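Structure for the following, please:
(one chain, ligands or ions: 2)
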Amino acid sequence: MIIVMKSGAAKKDRDEVLKRIRELGYKPHVIHGTTRVVIGAVGDERGKLVLQSLESMHGVENVVPILQPFKLASKEVKREASTVRISDTVTIGGREIIVMAGPCSVESEEQIIETALAVRDAGARMLRGGAYKPRTSPYSFQGLEEEGLQLLSKAREVSGLPFVTEVVNPETVDLVAEYADMLQIGARNAQNFALLKKVGQTGKPVLLKRGMSMTIQEFLMSAEYIMSEGNQAVVLCERGIRTFETATRNTLDLSAIPVLKGKTHLPVIADPSHGTGNYHYVAAMAFAAVAAGADGLMIEVHSDPEHASSDGPQSLKPAKFALMMQKLQLFAEAADRYL
Ligand code: PEP
Ligand code: MN
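Ligands and ions are numbered 1, 2, ... in the order given. Model prediction:
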């Protein structure tokens, strides 16, 4: 249920409402809109009508049900777009298109620092790189783990770029959160509910990738798992879904971008690298994603893709990435955004 407070309602009235929601066995989430505060009360759907009684409390304008199964992620709770602050210099969801770029996996100090500087100089605002890799095969490179996090931190120091890196299990979330500016939930873990809850408890911004066979509603329900733990800093990432098509690694579902934007206030970005699996197609799909309304892009960049530990075939060399970024300016402007 949504408890809409009167505009200018006193803090003491709000506190009373929060207390009553808890007494009724629900979890309150305060959401600050531009003109008024609303409180999302989430919990057992079956008994939610008891919350209707809050309508008679001081400062409450009305109590309305949230019709969508995803509650806190829904536009019903918050009509205006949310922004997610990553660092002093980077916020996702404003007019600026945020590009996060870097290798699939962190491989060495030289590699990650060199790449961080190259993508920064080309206009990327965040560094990406996997330290823990969720590989389809147990025999593939699994990542440098904590050493990878230390190298990413060094690269952040040298380049000034905040970084996003993946978490693959609940046990290592706290460790990764000590280093990272943003936690990535990968496609293979997008319905790992224990992991979603755990990142929801950290308060760190989360980049949630769409699972490869997830519907848009399931995707939003995964975001809801994170938000219901108290973490509202969620950014969604369309990274391609599995279809009958084999010419590309995945099918980048660009229509998901406007569909998501119609359903949720959360920022949405696209990952054309995993979406296509082939560097030849990355720039075209990056432009298309911006045209479709994406708030940012995740792009894999490697200076020696032939020898990359993972995802070489879809990685752009730094020079190609820089060229793509130049052209992207025009698409950003056409979409009334900037880089
Ligand atoms: C990645 O970002 O390197 C990755 C593994 O992505 P996804 O989870 O989308 O496959
Ligand atoms: Mn990858």
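
For the stretch 51-200 of the chain, which segments are assigned as strands?
For the stretch 51-200 of the chain, strands defined by DSSP state E, counting those that start in this stretch occupy the ranges 60-64, 84-85, 91-92, 98-102, 126-128, 163-166, 182-185.

and whichever residue of the stretch 101-250 of the chain sits closest to ligand 1, how far is that from Ala289?
Distances between the stretch 101-250 of the chain and ligand 1 by Cβ to the nearest ligand atom are smallest at Gly186, namely 2.9 Å. Where you see a C-beta, it was placed from the backbone N, CA and C, and this is true even at glycine. Distance of Gly186 to Ala289, computed by Cβ to Cβ, to the nearest Å: 19 Å.

More neighbours: which of these two?
Ala289 (26 against 22; other Cβ atoms under 10 Å).

residues contacting Leu236?
Leu208, Arg210, Phe219, Ala223, Leu260, Thr264, Leu266, Pro267, Val268, Ile269 (Cβ atoms under 8 Å, 6 or more residues apart in numbering).

now do Asp336
Arg95.

what do you get for Lys261?
Val268, Gly293.

So which bits of the strand or helix carrying it are buried?
Per DSSP states H and E: Lys261 is located in helix 256-263. Neighbour-count burial for helix 256-263 flags Ala256, Ile257, Leu260, Lys261, Lys263 (criterion: 16 or more other Cβ atoms under 10 Å).

got it, and stretch 69-88?
Per 16+ other Cβ under 10 Å, stretch 69-88 contains these buried residues: 70-78, 82-84, 86-87.

What of stretch 148-163?
Gly148, Leu149, Leu151, Leu152, Ser153, Ala155, Arg156, Ser159, Leu161, Pro162, Phe163.

same check, this time on stretch 55-67
Met57, Gly59, Val60, Val63, Ile66.

coming back round to it: doesn't Arg135 make contact with the residue of the stretch 101-250 of the chain closest to ligand 1?
No: shown here, Gly186 and Arg135 do not form a contact pair, counting by Cβ atoms under 8 Å, at 10.3 Å.

mind checking how far Glu145 is from Thr35?
For Glu145, the distance to Thr35 - Cβ to Cβ - is 47 Å.

More neighbours: which of the two?
Applying other Cβ under 10 Å to Glu145 and Thr35 shows that Glu145 carries more neighbours, namely 16 against 8.

From ligand 2, how far off is the more buried one?
16 Å (Cβ to the ion, to the nearest Å).

can you pull the pLDDT of Gly143?
With respect to pLDDT, Gly143 scores 96.

Surely it is in contact with Gly129?
No: contact criterion Cβ under 8 Å: Gly143 and Gly129 do not qualify, at 9.5 Å.

between those two, what contacts are shared?
Ser105, Val106.

Looking at the two, which one has more neighbours?
Neighbours per residue (other Cβ under 10 Å) separate Gly143 from Gly129, with Gly129 holding more: 29 against 25.

I figured that one hits Phe163, correct?
Yes: using Cβ under 8 Å, Gly129 makes contact with Phe163 at a distance of 6.6 Å.

got any residues that touch both of those two?
When contacts are counted by Cβ under 8 Å, 6+ apart, the set common to Gly129 and Phe163 consists of Gly102, Leu152, Ala155.

Show me which residues of the protein sit near ligand 1.
Counting by Cβ under 6 Å from any ligand atom, the chain comes close to ligand 1 at Cys104, Gly130, Pro134, Gly186, Ala187, Arg188, Lys209, Arg239, His274.

Just these: which are in helices?
His274 (DSSP state H).

can you put the residues of the chain next to ligand 1 in TSV and add distance to Thr246 and pLDDT?
Below are the residues of the chain next to ligand 1 laid out as TSV (distance: Cβ to Cβ, whole Å; pLDDT from 0 to 100):
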residue	distance to Thr246	pLDDT
Cys104	21	98
Gly130	25	98
Pro134	22	90
Gly186	22	98
Ala187	18	98
Arg188	20	97
Lys209	21	98
Arg239	17	98
His274	16	98
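
Contact partners for the nearest residue to Asp295 once chain neighbours are set aside?
In space, and not counting its chain neighbours, Asp295 is closest to Pro267: 4.2 Å by Cβ to Cβ, 6 or more residues apart in numbering. Contacts for Pro267 (Cβ under 8 Å, 6+ apart) come out as Ala81, Ser82, Thr83, Val84, Ile92, Gly93, Val235, Leu236, Asp295, Gly296.

so Phe244, which of the three states?
coil (DSSP: H, G, I helix; E, B strand; the rest coil).

I'd like the distance between the nearest residue to Met5 once chain neighbours are set aside and Leu151.
Distances taken as Cβ to Cβ, 6+ apart place Val37 nearest to Met5, at 4.7 Å, with adjacent residues excluded. To Leu151, Val37 is 43 Å away according to Cβ to Cβ.
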